[in-house]
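> Here is the input, now give the coordinates:
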Amino acid sequence: MTTENKIDEAPILEVTNLKKHFPIQKGLFKKIVGNVRAVDGVDFKINKGETVSLVGESGCGKTTTARCIMRALDPTSGEIKFKTKNNEIIDLSKLSKDEVRPYRDDIQMIFQDPFSSLNPRMTLFDIVGEPLLVNGMKEKKQREERVSEIMYQVGLRPEYMQRFPHAFSGGQRQRIGIARALSINPSLIVADEPVSALDVSVQAQVLNLMMDLQDQLNLTYLFVSHDLSVVSQISDRVIVMYVGKIVESGTPKQIFESPKHPYTSALLSSVPKADPRLKQERILLKGEVANASDPPSGCSFRTRCPNPTDDCKNGNIEMGLIEVSPGHWVDQCCVNCG
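Below is the predicted model:
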């Protein structure tokens, strides 16, 4: 995919200093004794037609970030500015649950597990048609026509409409999940590990489907994954997270061919090479992952960094991202450690 042909002028999503802290409660009276900083000051933009991927280990904050954008979780602070279909800029973080509801048709989600995300008591027509009904399409015939159209787009036969989820394979169920997300013509789709529960061959089919739909419908994706081999196929930009913070971001070429952060380098070294004849050196990080409820002073990565300096340990280096080449950003504390 080429970003240049797909980007509109204004970003469809702009996240600024997003934080989500979960209180730690103890005792009979649930006294708050601290906070888990699941997301701790995240900034990024997504342009219309782009696919931006959030990557990192489990627990790094990528799914929490996505859930805050969807307003499935209330952010602690920060801004989530979203450009609607009517070109209205709204800050989702400032809206109540009821105030967010009118904008649900603009942002939809594809879930990780195609087996648990579909109601086993609902037919395919009910599952895909429910968002249409909620958003005012009361006529059953209209819904049937729309569901039939969407099913064809995702590669399912319209005559399957009256079947239940148990009659479908994992890949087909994920296609149903994609159809449900597409039914009300969203402009942004948040895909949370959409292929991690599928076999490799089925993963490729679903990824190809998502890319084809993006080209056909001018969709924008926020793609959450821990699988870098998947991310390399679908992304226009990649954002690497570690303990609630962004440590590096750039194009797939920049991230995969010229990583600057030691954490990114370690992640990439874990991706198997397609050619078994190529020598692969695995980078093993020592030390413990920083505790999000009690992060270390200075750089949060210093407990695992192969070359930590005294200034890094003591927090004497200013934290934050710097641009090392056009569009390639890295945590300035670790820019020379990768």
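
> Could you chop the protein up by domain?
As assigned by automatic domain parsing, the chain contains the domains 3-106+186-331, 115-185.

> May I have the helix or strand bottoming out on mean pLDDT in the chain exported as PDB, CA atoms only?
In the chain, the helix or strand scored least confidently by mean pLDDT, DSSP states H and E is helix 310-314, which has a mean of 72. Extracted C-alpha coordinates of helix 310-314, given in PDB (Å, rounded to 0.1, in the frame of the first residue of the first chain):
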ATOM      1  CA  ASP A 310      24.000   6.900  34.400                       C
ATOM      2  CA  ASP A 311      22.000   9.800  33.000                       C
ATOM      3  CA  CYS A 312      19.400   7.400  31.700                       C
ATOM      4  CA  LYS A 313      19.100   5.700  35.100                       C
ATOM      5  CA  ASN A 314      18.900   9.000  36.900                       C
END
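
> my read is residue 162 is in a strand, agree?
No: using DSSP: H, G, I helix; E, B strand; the rest coil, the assignment for residue 162 is coil, not a strand.

> residues contacting it?
Contacts for residue 162 (C-beta atoms under 8 Å, 6 or more residues apart in numbering) come out as 123-125. No exception for glycine: its C-beta is placed from N, CA and C like everyone else's.

> Equivalent analysis for residue 164, please.
Residue 164 makes contacts with 120-124, as judged by C-beta under 8 Å, 6+ apart.

> between the residues you listed, which is closest to residue 27?
Checking the contacts of residue 164 against residue 27 by C-beta to C-beta gives residue 120 as the nearest, at 40.3 Å.

> got a winner among the contacts of residue 162 for most neighbours?
Within the contacts of residue 162, residue 124 tops the neighbour count with 25 neighbours, counted by other C-beta atoms under 10 Å.

> From residue 194, how far out is it?
Going from residue 124 to residue 194 by C-beta to C-beta, to the nearest Å gives 18 Å.

> centroid residue for the protein?
With distances taken as C-alpha atoms, centre = their mean, residue 224 lies nearest the centre of the chain, 2.8 Å away.

> so that one is in which element?
Assigned by DSSP states H and E, residue 224 belongs to strand 220-225.

> Tell me how far that strand lies from the chain's centre.
Distance of strand 220-225 from the chain centroid (C-alpha atoms, centre = their mean, to the nearest Å) equals 4 Å.

> CA atoms only for it - export them in PDB, please.
Taking Å, rounded to 0.1, in the frame of the first residue of the first chain, the C-alpha atoms of strand 220-225 are listed here in PDB:
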ATOM      1  CA  THR A 220      -9.100   3.700   7.800                       C
ATOM      2  CA  TYR A 221      -7.700   1.100  10.100                       C
ATOM      3  CA  LEU A 222      -6.200   1.200  13.600                       C
ATOM      4  CA  PHE A 223      -4.600  -2.300  13.700                       C
ATOM      5  CA  VAL A 224      -3.600  -3.700  17.100                       C
ATOM      6  CA  SER A 225      -1.300  -6.700  17.000                       C
END
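
> And the strands in the stretch 201-338 of the chain?
220-225, 237-242, 245-250, 321-325, 328-331 (DSSP state E, counting those that start in this stretch).

> With distance to residue 113 added, can I get those strands in a markdown table?
Shown next, in a markdown table, are the strands of the stretch 201-338 of the chain (distance: least, C-beta to C-beta, whole Å):
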| stretch | distance to residue 113 |
| --- | --- |
| strand 220-225 | 13 |
| strand 237-242 | 21 |
| strand 245-250 | 26 |
| strand 321-325 | 33 |
| strand 328-331 | 32 |
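
> Any chance of TSV for these, columns distance to residue 96 and mean pLDDT?
Formatted as TSV, those follow (distance: least, C-beta to C-beta, whole Å; pLDDT from 0 to 100):
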stretch	distance to residue 96	mean pLDDT
strand 220-225	23	96
strand 237-242	28	96
strand 245-250	28	95
strand 321-325	32	91
strand 328-331	33	93
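
> Name the single longest helix found in the chain.
helix 200-217 (DSSP state H).

> Which strands or helices does that helix pack on?
helix 170-182, strand 220-225, helix 228-234 (3 or more C-beta pairs under 8 Å, 6 or more residues apart in numbering; DSSP states H and E).
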